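[1] I need the structure of the sequence given here:
(one chain, ligands or ions: 2)
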Amino acid sequence: MTDLLTQGEYEALAKSITLPANAFIDGKFRPAASGKTFSTVNPATGAPLTEVAACGAEDVDFAVGKARDAFEDGRWSRIHPTDRKEVLLRLAKLIERNRHELAVMESLDSGKPIYDCETVDIPETVHTLKWHAELIDKIYDQVAPASDNHIAMIVREPVGVVGLVLPWNFPLLMLAWKIGPALASGCSVVVKPAAETSLTTLRVAELAMEAGLPAGVLNVITGSGAEVGEPLGRHADVDMVSFTGSTATGRRFLHYSADSNLKEVVLEMGGKNPCIVLDDAEDLDTVAAHVVQGAFWNMGENCSAASRLIVQKGVRDALLDKVQAHAREWNVGNPLDPSVRIGALVSKAHFDKVSSYLETAKDAKVVMGGKTHDGTHVEPTIISVSGNDHKLAREEIFGPILTVIEVDSFEAAISVANDTDYGLAASIFTANAKRALRGARMLRAGTVTVNSFGEGDISTPFGGYKQSGFGGRDNSVHAHDQYTQLKTIWLDLNDTAGDAID
Ligand SMILES: NC(=O)C1=CN([C@@H]2O[C@H](COP(=O)(O)OP(=O)(O)OC[C@H]3O[C@@H](n4cnc5c(N)ncnc54)[C@H](O)[C@@H]3O)[C@@H](O)[C@H]2O)C=CC1
Ligand code: BAL
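    Ligands and ions are numbered 1, 2, ... in the order given. Have a look, this model is predicted:
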């Protein structure tokens with residue numbers, strides 16, 4: 001059970017904590033080579049929090065060089081997996097010990113409710129690091145079938161120096177999703193946090209040194225996508241990039257790779273995720289609670305947000321009454337108030353984008369909400385559209401706006417659900433087990449939940465079909481596939497040289 005503090009205690013902590021500001025390279029905080037900085041702002045108040053190093057290509061190059069040195073001399077990549085495990089477990093413990101400080105930092109920098117930071121982001125970050133740490137000395141290599149005179153081994157080796165490019169919606173958790181398996185596998189990493197939310201990544205890098213991670217293994221380069229993300233994506237000495245963010249930026253990383261060293265690229269991108277509710281769904285009140293959680297959790301700033309409610313005609317009105325009742329419990333307010341469920345959107349620029357969709361609602365029916373507050377807050381909003389062609393049904397809004405589409409059959413529901421370029425997540429609510437399973441199979445999405453909304457947990461792969469994903473999966477044992485490559489080693493056991501192995 002998480003021990004929440006009071007709003008007053010969180011506000012006192014916010015005033016007393018030291019915010020990191022410099023990039024973190026080779027075990028030390030360092031300013032950008034250019035000396036430039038940018039302001040990071042509390043989106044809930046508009047007040048500047050601190051000045052962060054505005055790094056560029058020179059800093060990326062320096063960090064990649066340090067990561068390469070660390071990888072090649074084996075100070076991390078070649079130590080026993082159990083020793084890597086111990087360091088990562090210590091890091092998880094240090095994050096747990098500093099949870100209130102990290103939760104406040106995350107909330108101030110991103111606008112997320114402190115309640116979410118304390119009850120989801122921090123515990124899940126700790127759990128993710130522990131899970132990958134515990135896994136790494138339990139994965140065995142393989143021996144392939146071969147004649148008595150040969151042994152064919154298939155071994156996993158760390159891929160090398162990896163670039164980890166993070167989004168702003170779950171700064172700590174996405175860091176953990178990527179450094180957990182990357183570091184456990186023995187890679188050295190250069191992390192590029194989103195410019196909006198660099199602070200907790202920098203603090204975790206510092207804690208990693210305290211945990212005993214050797215210098216140069218975990219580096220953090222702060223700055224913009226153009227100045228840091230692009231040079232990292234194009235760097236000839238980066239072996240692999242794992243990215244989470246928008247589909248447009250993900251696509252750029254494929255170009256960077258093709259134009260440079262053909263580095264491996266794994267992309268986890270956007271979604272316009274359908275939530276299907278059929279006429280025979282049971283317990284509409286619980287269904288409504290899932291719909292609200294799916295649409296409004298983290299202010300809808302979630303790649304797997306259930307942003308399209310596809311509801312069968314017979315149950316539409318009853319369901320929408322209950323969805324509104326639950327949504328009214330999601331109060332908008334100061335993110336440092338532990339009773340608040342809807343905090344600020346991440347930035348004024350993102351607020352402007354999300355609120356522009358409220359204008360689009362003029363040719364649709366606003367069922368609930370539609371108002372904005374305090375410059376960066378948007379109320380939980382439900383908008384009913386005439387069909388799946390509406391802009392609100394097609395574009396990823398990444399805000400607390402749920403688009404409702406009515407359908408008249410199971411087949412129509414599946415067809416509308418799949419009518420999107422995305423394919424990250426989907427849910428289906430029905431009491432008919434055969435239709436539930438048939439639907440789950442027919443939905444083109446990386447994760448399908450039946451009679452619930454969720455992303456699964458650390459033990460199951462997370463990633464998308466179609467333009468939501470490329471190249472691999474986060475979470476689960478499969479996350480290690482991103483950060484390792486397979487090597488085949490054949491041994492000839494004959495006393496004298498035998499035939500060629502073919
Ligand atoms: N997990 C997800 O699916 C996420 C989706 N988004 C979607 O993307 C929209 C835009 O948000 P952004 O912050 O602009 O996302 P983004 O995809 O541009 O940013 C993600 C990361 O890529 C970096 N980046 C940006 N431009 C780059 C470039 N040209 N080259 C290399 N790296 C670059 C950013 O600095 C950040 O670290 C949101 O409204 C939302 O719809 C945003 C964040 C997470
Ligand atoms: N929900 C975890 C992945 C993401 O939103 O970026």
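[2] Can you give me every residue that contacts whatever residue of the stretch 201-350 of the chain ends up closest to ligand 2?
    Per C-beta to the nearest ligand atom, residue 303 is where the stretch 201-350 of the chain lies closest to ligand 2, at 3.5 Å. Every C-beta, even on glycine, is put in place using the N, C-alpha and C of the backbone. Each residue near residue 303 by C-beta atoms under 8 Å, 6 or more residues apart in numbering is listed here: 167, 169, 244, 268-271, 424, 468.
[3] Give me every residue in the stretch 101-250 of the chain that's in contact range of ligand 1.
    Counting by C-beta under 6 Å from any ligand atom, the positions of the stretch 101-250 of the chain adjacent to ligand 1 are 165-169, 192, 194-195, 224-226, 229-230, 233, 244-246, 249.
[4] From the residues you listed, list just the buried residues.
    Among those, those classed as buried by 16 or more other C-beta atoms under 10 Å are 165-169, 192, 194-195, 225, 229-230, 233, 244-246, 249.
[5] What are the boundaries of the strands in the stretch 301-450 of the chain?
    Remark: strands assigned in the stretch 301-450 of the chain by DSSP state E, counting those that start in this stretch are 308-312, 365-368, 372-373, 377-378, 381-384, 401-407, 425-429, 447-450.
[6] most packed of the ones you listed?
    Stretch with highest mean neighbour count among these: strand 425-429 (a mean of 30; mean count of other C-beta atoms under 10 Å).
[7] how distant is it from the center of its chain?
    Averaging C-alpha positions (C-alpha atoms, centre = their mean, to the nearest Å) puts strand 425-429 19 Å from its chain's average.
[8] again, but for stretch 270-290
    Relative to the mean C-alpha coordinate of its chain, stretch 270-290 is positioned 23 Å out (C-alpha atoms, centre = their mean).
[9] ok, now stretch 312-332?
    Stretch 312-332 has its C-alpha centroid displaced from the chain centroid by 28 Å (C-alpha atoms, centre = their mean).
[10] For that stretch, buried residues please.
    312, 315-316, 319-320, 322-324, 326-327, 330, 332.
[11] and for it, what are the contacting residues?
    Contacts of stretch 312-332 (C-beta under 8 Å, 6+ apart): 277-279, 281, 284-285, 287-289, 291-292, 296, 309, 311, 339-342, 367-369, 373, 377-380, 382, 384, 400, 402, 404, 406-410, 413.
[12] try 6 Å
    277-279, 284-285, 288-289, 291-292, 296, 311, 340-342, 367-368, 373, 377, 379-380, 406-408 (C-beta atoms under 6 Å, 6 or more residues apart in numbering).
[13] likewise stretch 421-437?
    271-278, 280-282, 287, 303-304, 306, 410, 417, 439, 443-451, 453, 464-468.
[14] Buried only: go through the residues you listed for me.
    271-278, 281, 287, 303-304, 306, 410, 417, 439, 443-449, 451, 453, 464-468.
[15] Mind checking which of those are in helices?
    Within those, residues falling in helices by DSSP state H are 287, 410, 417, 439.
[16] To what extent is the residue lying closest to residue 210 once chain neighbours are set aside buried, counted in neighbours?
    Nearest non-adjacent residue to residue 210, counting by C-beta to C-beta, 6 or more residues apart in numbering: residue 94, 5.9 Å away. Residue 94 has 18 neighbouring residues, counting by other C-beta atoms under 10 Å.
[17] again, but for residue 360
    Residue 360, neighbours per other C-beta under 10 Å, totals 16.
[18] Would you mind measuring from the closest residue to it other than its chain neighbours to residue 370?
    Computed as C-beta to C-beta, 6+ apart, the closest residue to residue 360 that is not its neighbour in sequence is residue 391, at 5.2 Å. Distance, residue 391 to residue 370, by C-beta to C-beta, to the nearest Å: 16 Å.
[19] ok, back up a step: what's the farthest-apart pair in the contacts of residue 303?
    169 and 468 (14.7 Å; C-beta to C-beta).
[20] near ligand 2, which residues of the protein show up?
    167, 169-170, 174, 244, 302-304, 455.
[21] what do you get if the cut-off is 8 Å, keeping everything else the same?
    167, 169-170, 173-174, 177, 244-245, 268, 298, 301-305, 455, 462, 474 (C-beta under 8 Å from any ligand atom).
[22] Which members of the residues you listed occur in strands, if any?
    244, 268 (DSSP state E).
[23] Read off the pLDDT value for the residue of the stretch 201-350 of the chain closest to ligand 2.
    Predicted confidence (pLDDT) for residue 303: 98.
[24] ok, now residue 360?
    Here, the pLDDT recorded for residue 360 equals 88.
[25] what's the answer for residue 500, then?
    71.
[26] buried sites along stretch 11-22?
    13-14, 17, 19-22.
[27] Repeat that for stretch 39-57.
    40-45, 49-50, 52-57.
[28] Can you give me the neighbour number for the nearest residue to residue 246 once chain neighbours are set aside?
    Nearest residue to residue 246 in three dimensions, chain neighbours excluded: residue 270, at 5.7 Å (C-beta to C-beta, 6+ apart). Neighbour count for residue 270, taken as other C-beta under 10 Å: 26.
[29] isn't residue 270 right up against residue 247?
    Yes. Using C-beta atoms under 6 Å, residue 270 is in contact with residue 247, at 5.0 Å.
[30] quick one on the thing from earlier: can I take it that the residue nearest to residue 210 is in a strand?
    No. Using DSSP: H, G, I helix; E, B strand; the rest coil, the assignment for residue 94 is helix, not a strand.
[31] isn't it right up against residue 207?
    Yes. Proximity of residue 94 to residue 207 meets the contact threshold set by C-beta under 6 Å, at 4.4 Å.
[32] picking that back up, from the buried residues of stretch 39-57, which single one is nearest residue 237?
    Using C-beta to C-beta, the buried residues of stretch 39-57 come closest to residue 237 at residue 57, 12.9 Å.
[33] For the residue minimising distance to the centre of the chain, which residues are in contact?
    In the chain, the C-alpha nearest the mean C-alpha coordinate belongs to residue 174, at 4.1 Å (C-alpha atoms, centre = their mean). Contacts of residue 174 were listed using C-beta under 6 Å, 6+ apart, and they are 166-167, 244.
[34] now swap in residue 279 and tell me
    312, 314-315.
[35] now residue 50, nearest residue through space, not along the chain?
    Of all residues not flanking residue 50 in the chain, residue 19 sits nearest, at 4.3 Å (C-beta to C-beta, 6+ apart).
[36] tell me the SS of residue 219?
    strand.
[37] Do I have it right that it meets residue 190?
    Yes. With contacts counted by C-beta under 6 Å, residue 219 reaches residue 190, the gap being 4.8 Å.
[38] Find the residues that touch each one of those two.
    What both residue 219 and residue 190 touch, as defined by C-beta under 6 Å, 6+ apart, is the set 63, 67.
[39] what number of residues lie near residue 89?
    Applying other C-beta under 10 Å, we find 15 other residues in the vicinity of residue 89.
[40] what's whichever helix or strand it is part of packed up against?
    For residue 89, the element it lies in under DSSP states H and E is helix 81-97. Other helices and strands packing on helix 81-97, by 3 or more C-beta pairs under 6 Å, 6 or more residues apart in numbering; DSSP states H and E, are helix 122-136, helix 199-210.
[41] Chain neighbours aside, what residue packs nearest to residue 80?
    residue 137 is the one closest to residue 80 (C-beta to C-beta, 6+ apart), at 7.8 Å.
[42] Actually, residue 124.
    Spatial nearest neighbour of residue 124, excluding adjacent residues (C-beta to C-beta, 6+ apart): residue 173 at 5.4 Å.
[43] before we move on, back to that, from ligand 1, how far off is the residue nearest to residue 210?
    Going from residue 94 to ligand 1 by C-beta to the nearest ligand atom, to the nearest Å gives 24 Å.
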